[in-house]
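S.K.: fold the following.
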Amino acid sequence: MIHQFNASFKEAQYFLDPKAFDERLRSKEIYRLKQDLGLDNKEYKELLKSIYPKMRKEVAEDSFIKYDRKFIRLGYRKIASDTNERTLIFSLLPKMVGCGENMWQHIPKKYILENKQIAYQKISHLRICFALGIFNALIVDFIARGMIQINVSKTYLERIPLPQPSDSEILENATFKQIAHNALALQCYNDKEGHFKDLQEEFKIPQKEIPTTPKAYDTLRAKLDITIARDVYKLEKEEFFYLLESFKVLNSKQPHTIALLKSLWE
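M.R.: The predicted structure follows:
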């Protein structure tokens, strides 16, 4: 089970056989591929014959299919409530992890034709970490609570006003870049198994910037919430404080978190 910025909130209860898991998802991958390339069944068969004339269909497909478990993904809990401490629960998901019905994940890549070969283009880790920070923000949770009662679905998420910058726009915007950076730092704090160590190195985040204590973690998280509310959604101090008061369970269970958020608003 996951929690915000935490892929190991509770130990896994089930373990999957990779070969059997891939076989179960094979037809879905082929369906996605045809959608990405805009092909019907006939056109798909003709494409395979033109690119892999001497290969059996299954062998050819094995050479280009890339299953989601081989990528770092953004996942969220499907079951939620507008009266819980938090409604939206997002976390990075490590490679080699599968999800059940109550855990949704983003599709981490798109199939493309490149140099007359079937290839794939993965969603950048930069955008994934930016989305991680945004979706776990209090302001976005506040908006979601106005729509969600029991289950978090894609329909609700698509209704939330969200910044959707490209990679270059994130890199050129100091606030956006800091959101992605801090979101990953928060995830790495909870990553005791080292699943995202390579990602930390990719982002060039030194170990000293990863929180080492609960207090440092809470402070970084509060600063991230304030940055998103103030600099992305343009909330004023009074509006943010009103938002905080609407989280009744959070106020009851974690009054120190509310006090910290109020104290850090400049």
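S.K.: I'd assumed R145 was in contact with T87.
M.R.: Yes: using C-beta atoms under 8 Å, T87 is in contact with R145, at 5.3 Å. No exception for glycine: its C-beta is placed from N, CA and C like everyone else's.
S.K.: the more surrounded of the two?
M.R.: Neighbour count, other C-beta atoms under 10 Å: between T87 and R145, T87 has more, with 22 against 19.
S.K.: quick one, helices of the stretch 101-250 of the chain?
M.R.: Under the criterion DSSP state H, counting those that start in this stretch, the stretch 101-250 of the chain contains helices at 125-135, 138-145, 154-159, 167-172, 174-190, 197-202, 214-227, 237-245, 248-253.
S.K.: buried residues in the third one?
M.R.: Right, helix 154-159. Buried residues in helix 154-159, counting neighbours by 16 or more other C-beta atoms under 10 Å, are found at 156-157.
S.K.: for L250, what are its contacts?
M.R.: Shown in contact with L250 (C-beta atoms under 8 Å, 6 or more residues apart in numbering): 85-86, 244, 257-258.
S.K.: over to K197?
M.R.: K197 is in contact with 188, 191, counting by C-beta under 8 Å, 6+ apart.
S.K.: how about S124, nearest residue that isn't a chain neighbour?
M.R.: D167 (5.1 Å; C-beta to C-beta, 6 or more residues apart in numbering).
S.K.: what does F9 give?
M.R.: Leaving aside its sequence neighbours, F9 sits nearest to H3 (C-beta to C-beta, 6+ apart; 3.9 Å).
S.K.: and the one you found, bridged to which residues?
M.R.: With DSSP bridges applied, H3 shows beta-bridge pairing to N6.
S.K.: who touches it in this structure?
M.R.: When contacts are taken as C-beta under 8 Å, 6+ apart, H3 is in contact with 9, 89, 91.
S.K.: correct me, but K57 touches L48?
M.R.: Yes: the pair K57 and L48 qualifies as a contact (C-beta under 8 Å) at a distance of 6.0 Å.
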